[in-house]
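K.L.:
could you work out the structure for the sequence below:
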Amino acid sequence: MRDVLLKGGRVVDPAAGRDEVADVLLRASRVAGIAPEISSDDADVVDCRGLVVAPGFVDLHTHLREPGREDAETVETGSRAAALGGYTAVCAMANTDPVADNAGIVEQVAAFGRRAGLVDVYPVGAITVGLKGERLAEMGEMATSSARVRFFSDDGRCVQNAALMRRAMEYARTFDAIIANHAEEGDLAAGGQMNEGDVSSILGLPGIPAEAEELIVARDLALARLTGARLHVPHVSTAGTVALIRAAKAAGASISAEVTPHHLCLTEDLIRTYDPVYKVAPPLRTKADVEALRDALLDGTIDCVATDHAPHTQDDKEREWDAAPCGMVGLETALGVVCAEAGLDLTRLVERMSTAPARIRGLSGHGGPLNEGAPANITVFDPEAAWTIDAATMATRSRNTPFVGRELKGKVHHTIYGGRFTVREGRITNGQG
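P.N.:
Here you go, the predicted model:
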């Protein structure tokens, strides 16, 4: 493999405390050096002037649909979308068919990821068998499998039973795993189609109150204190949840939290169109909630951005509002939305999209520091580039995104995974470049 010299980029690496213009030399699969000036007669020189060179992005919350719904997405097509978005690692959620609730399925998902060879794919194991919330899945079996699962979630469904959640946390603690529970109290949310409030009343749609999320988060925070388990709060959507997390962190709780790009910029008012592309879980909330989420991401109360990339076929998604499934794709647009909407400086942006999620999941090969000898998992992007996504050129198999045709800011130029270009000049190379 030929050496690669990334020339003259702004190296932003929060894990190393680095923000400077420098050259980065890659040899084989590793960082061979970072210095103000590096010369190499044999290297493939890539002009990075005006661009940011950073550790590859990490997504803690990706739905890849395989096995079972390959018509919506496969691990390979999702990996291609991730690479185009600057990601070098993704965590694949358990709501596949069959459910990833045993060693065989998580090992299969991990194998699909290795075969695609575009990003590291880390399977997320189910908390309960079949996501039914009735009995614990074989979490220990998944943790000791070759997939080495350390993240468990029934995402899409909430574990309603507090005693069962307590046992899951106690079990997870024995191998230092993380529990992430989809926060939605079932009785309060039953039949809900959007955020409960003035807009739902005007539209005549049954609502899901903010308290449905907040009650479960409060319960799970209490259980985490009781058990000493590590808790991760997925897709935070309300100001009340932010307040709960902020107070828990101030009290020293072992807790982390994520927010999606769409919850940072879209509000319930968009549902007046009845376009099911805006139907997500948790639902889009109010402008006040969006502002609270942005503030929390800025000050670190919310640790990271996670896409909740949720592909659906056109036939499934483009139905009447009440029949359409929840979710939107987000891997290819995440950087553009966050740069445009979140108000983060570059250090915080890289921290929230790379360093923090890698730290939460314990991925030593991702998130930096990009010191000599470190794995060469890198994204190179222009944080100021304005661009508009074209649905016809998207790598994901599905097209359920509201951001097609909308001007975004922040574009990935190159993604390097294990020292190989998976994306070069904005195009997939299949890891051969």
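K.L.:
just give me the longest helix of the chain.
P.N.:
Counting residues, the longest helix found in the chain (DSSP state H) is helix 210-227.
K.L.:
list the contacts of that one.
P.N.:
158, 162, 165-166, 169-170, 173, 179, 181, 183-185, 188-189, 192, 195-196, 229-231, 233, 236-241, 244-245, 248, 253-255, 282, 285, 289 (Cβ atoms under 8 Å, 6 or more residues apart in numbering). Every C-beta, even on glycine, is put in place using the N, C-alpha and C of the backbone.
K.L.:
mind giving me the PyMOL select for the residues you listed, buried ones only?
P.N.:
Selecting only the buried entries of the contacts of helix 210-227 in PyMOL, with 16 or more other Cβ atoms under 10 Å as the criterion:
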select buried, resi 158+165+166+169+173+179+181+183+184+185+188+189+192+195+196+229+230+231+233+236+237+238+239+240+241+244+245+248+253+255+282+285+289
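K.L.:
out of the contacts of helix 210-227, which are inside strands?
P.N.:
Among the contacts of helix 210-227, the members found in strands (DSSP state E) are Ile179, Asn195, Arg230, Leu231, Val233, Ile255.
K.L.:
so how many other residues sit close to Asp42?
P.N.:
Counted with other Cβ atoms under 10 Å, residues neighbouring Asp42 total 7.
K.L.:
ok, it touching Asp3?
P.N.:
Yes - at 6.0 Å, Asp42 counts as touching Asp3 under the criterion of Cβ atoms under 8 Å.
K.L.:
low-confidence ranges, the stretch 51-200 of the chain, go.
P.N.:
Applying pLDDT under 70 to the stretch 51-200 of the chain flags no residue at all.
K.L.:
can you check the stretch 251-400 of the chain too?
P.N.:
In the stretch 251-400 of the chain, no residues with pLDDT under 70.
K.L.:
hmm, which two among the ones in strands among the contacts of helix 210-227 are most spread apart?
P.N.:
Asn195 and Arg230 (29.2 Å; Cβ to Cβ).
K.L.:
the stretch 101-250 of the chain: helices as residue ranges?
P.N.:
Secondary structure of the stretch 101-250 of the chain by DSSP state H, counting those that start in this stretch: the helices cover 103-116, 139-143, 162-173, 186-189, 198-203, 210-227, 239-250.
K.L.:
any chance of the ones you listed in TSV, plus distance to Arg319?
P.N.:
Converted to TSV, these look like this (distance: least, Cβ to Cβ, whole Å):
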stretch	distance to Arg319
helix 103-116	28
helix 139-143	34
helix 162-173	33
helix 186-189	20
helix 198-203	17
helix 210-227	24
helix 239-250	29
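K.L.:
which one of these lies closest to Tyr278?
P.N.:
Tyr278 lies closest to helix 198-203 among the helices of the stretch 101-250 of the chain, at 11.5 Å (Cβ to Cβ).
K.L.:
circling back: what is the nearest of the ones in strands among the contacts of helix 210-227 to Leu136?
P.N.:
Each of those was checked against Leu136 using Cβ to Cβ; the closest is Ile179, at 11.2 Å.
K.L.:
if I pick that closest one, what's in contact with it?
P.N.:
Neighbour list for Ile179: 127, 152-153, 165, 168-169, 172, 220, 224, 229-232 [criterion: Cβ under 8 Å, 6+ apart].
K.L.:
same thing but at 10 Å, please
P.N.:
127, 139, 151-154, 159, 165, 168-169, 171-173, 220, 223-224, 227, 229-232 (Cβ atoms under 10 Å, 6 or more residues apart in numbering).
K.L.:
which among the residues you listed count as buried?
P.N.:
So, by 16+ other Cβ under 10 Å, the buried ones in these are 127, 139, 151-154, 159, 165, 168-169, 171-173, 220, 223-224, 227, 229-232.
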